[in-house]
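In: model this:
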Amino acid sequence: MKIYTKGGDKGRTSLANGVRTSKSDARLESYGTADELNSFTGLLRSKMPASEQERLEWIQNKLFNLGALLAAAEGEWITESDVKQLEAWIDEMQAGQEPLRAFVLPGGNEAVSLCHVCRTVTRRLERQMVSARENGTETGETAMQFVNRLSDFWFVLALKQAENDKITFFFWKK
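Out: The predicted structure follows:
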């Protein structure tokens, strides 16, 4: 099978349901960002300890599910139990952490910095999903919750990894 089809040479592509649409469609922006986030997650995964590999692989699979949903695929691609899983991991990582009293500047080491990159790409994905919804594309309430929790997960993972690697946080100063 050839990787190229020439079907998108004029700026149009097919969604998962077969509908042809412009490559500037808000849905494509959102599932393209989900794909970008999946790539950054893979890079982060290569920098993280073995103890985080399973979680990050799970997230990568869920991001593919999310991309399918955003590409107009029918079905339950993101579930309430997926949201609950992220919440459980966030609660687990936050246990025993002191509350933050200032904004954390992204950085520290490569893994911590990549957590922040994943967080910001997730926030962009969330904004794009809202934009797609406002333009008539239903993205699903559960999918929105999942993406919102995922950005929180990345932030808490950054804090936890910094703690594990004995990285000092840098805080925003006015």
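
In: quick one: what helix or strand has Val156 in it?
Out: Val156 belongs to helix 141-164 when elements are defined using DSSP states H and E.

In: how far does that helix sit from the chain's center?
Out: 9 Å (Cα atoms, centre = their mean, to the nearest Å).

In: list the buried ones in the strand or helix carrying His116?
Out: Assigning secondary structure by DSSP H and E places His116 in helix 110-134. Buried residues in helix 110-134, counting neighbours by 16 or more other Cβ atoms under 10 Å, are found at 111-119, 121-122, 125-126, 128-129, 132-133. Yep, even glycine has a C-beta here, placed from its N, CA and C like the rest.

In: same question for stretch 56-73.
Out: Result for stretch 56-73 [16+ other Cβ under 10 Å]: buried residues 56, 59-60, 62-63, 65-72.

In: alpha carbons of that stretch, in CSV - could you do that?
Out: Extracted in CSV, the C-alpha atoms of stretch 56-73 (Å, rounded to 0.1, in the frame of the first residue of the first chain):
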residue,chain,number,x,y,z
LEU,A,56,2.2,7.4,29.4
GLU,A,57,1.5,4.5,27.0
TRP,A,58,-2.1,4.5,28.3
ILE,A,59,-2.4,8.2,27.6
GLN,A,60,-1.0,7.8,24.1
ASN,A,61,-3.7,5.2,23.4
LYS,A,62,-6.4,7.5,24.8
LEU,A,63,-5.0,10.3,22.6
PHE,A,64,-5.5,8.1,19.5
ASN,A,65,-9.0,7.4,20.7
LEU,A,66,-9.6,11.1,21.2
GLY,A,67,-8.3,11.8,17.7
ALA,A,68,-10.7,9.2,16.3
LEU,A,69,-13.6,10.9,18.1
LEU,A,70,-12.6,14.3,16.8
ALA,A,71,-12.3,12.9,13.3
ALA,A,72,-16.0,12.2,13.4
ALA,A,73,-15.8,8.5,14.3
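
In: what about that stretch, average pLDDT?
Out: Stretch 56-73 shows a mean pLDDT of 92.

In: what sits up against it?
Out: Contact partners of stretch 56-73, identified using Cβ atoms under 8 Å, 6 or more residues apart in numbering, comprise 15-17, 19, 27, 30-31, 34-35, 37-38, 41-42, 44-45, 48, 75, 77-78, 82, 85, 129, 132, 139-140, 143, 146-147, 150, 153.

In: what does stretch 37-47 contact?
Out: In contact with stretch 37-47 (Cβ under 8 Å, 6+ apart) are residues 52-53, 56-57, 59-60, 63-64, 67, 110-111, 114-115, 117-118, 121-122, 125.
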